[in-house]
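> Mind folding the following:
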Amino acid sequence: MNSVAYLFALVVVTLARNNHSRRQVSQGYLPRCRFDEHILKNHELFAEKIKGAHVVFTGKVASEVVVANGTMKFRVMVRRYFKNVLGLPKNKEVRVLKISNEGEGAKCRQPVRMKYTAIFVGRKAQNIQGVDVVLIMSPISVTLTNLDRVSEATKEMTYIRGREVVLEWEDYLVIIFTALVLTLWTMPLLRYFFSN
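The predicted structure is shown next:
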């Protein structure tokens, strides 16, 4: 008896889901755009995008999204910077431009909307008035996995005075050797001053 009731409930739920999805398609429902999904799945390609970016930050869309001429313009309230070569202020709004991919909006929908929270990866806007950052990939949904991947990709880089510096293993040897020489050089001086 229980198996018959379970089977009946399963059939009803399946029919309801099929009817709901048919109704969504007929009412103009579009699937979510997944243009940069291959970048997220490839660790090397993802790290390359992060390295080429000027800013990587999490934030919430704080304005209406204006769509015009194949672009999307909106403001984002920055929560946290993973990388900020441009020196943009924290806890302030950043003006963002996203260039739409082919078919975006017609074949699929972009999740960017008011109050949407995401990870944004972009470069400095060149000769575009009223824009601080141009996204180089679609906004990344905020999940623990994505936050860990972005954090890992940005940790591999070293920054000196806001500029990205790539250190080779020889550089680390020079730093260690210099620290060792300074320590050995200052030890006799410290003994001399503290013994008197």
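> who does the longest strand seen in the chain touch, helix- and strand-wise?
When the chain is parsed with DSSP state E, its longest strand is strand 71-84. With contacts taken as 3 or more C-beta pairs under 8 Å, 6 or more residues apart in numbering; DSSP states H and E, strand 71-84 sits against strand 55-61, strand 66-68, strand 93-99, strand 117-124, helix 144-155. Just so you know, the C-beta spots here come from the backbone N, C-alpha and C atoms, and that holds for glycine as well.
> State the mean pLDDT of the second one.
The reference is to strand 66-68. Across strand 66-68, pLDDT averages out at 84.
> ditto for the fourth one
Looking at strand 117-124 alone, the average pLDDT works out to 91.
> neighbouring strands for it, and are they parallel or not?
Paired with strand 117-124 in the same sheet, following DSSP bridges, are strand 55-61 (antiparallel), strand 133-135 (antiparallel), strand 140-141 (antiparallel).
> Flag every buried residue along it.
When neighbours are counted by 16 or more other C-beta atoms under 10 Å, the buried residues of strand 117-124 are found to be 118-122.
> Now render the helices and strands packed on strand 71-84 as a markdown table, adding distance to residue 193.
Below are the helices and strands packed on strand 71-84 laid out as a markdown table (distance: least, C-beta to C-beta, whole Å):
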| stretch | distance to residue 193 |
| --- | --- |
| strand 55-61 | 47 |
| strand 66-68 | 67 |
| strand 93-99 | 51 |
| strand 117-124 | 50 |
| helix 144-155 | 40 |
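> closest one to residue 79 among the ones you listed?
In terms of C-beta to C-beta, the element of these nearest to residue 79 is strand 55-61, at 4.7 Å.
> who's in contact with the closest one?
With contact meaning C-beta atoms under 8 Å, 6 or more residues apart in numbering, strand 55-61 is reached by 50, 74-86, 88, 94, 112-124, 133, 142, 147, 150, 154.
> Report the angle between that strand and helix 144-155.
Orientation note: strand 55-61 sits at an angle of 150 degrees relative to helix 144-155 (axes from the mean of the first three to the mean of the last three C-alpha atoms, to 10 degrees).
> Just the CA atoms from strand 55-61 would do, formatted as PDB, please.
Extracted C-alpha coordinates of strand 55-61, given in PDB (Å, rounded to 0.1, in the frame of the first residue of the first chain):
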ATOM      1  CA  VAL A  55      40.700  44.300  -9.500                       C
ATOM      2  CA  VAL A  56      39.000  41.300  -8.000                       C
ATOM      3  CA  PHE A  57      36.300  42.000  -5.400                       C
ATOM      4  CA  THR A  58      33.100  40.800  -3.800                       C
ATOM      5  CA  GLY A  59      30.200  43.200  -3.700                       C
ATOM      6  CA  LYS A  60      26.500  43.800  -4.100                       C
ATOM      7  CA  VAL A  61      24.900  45.500  -7.200                       C
END
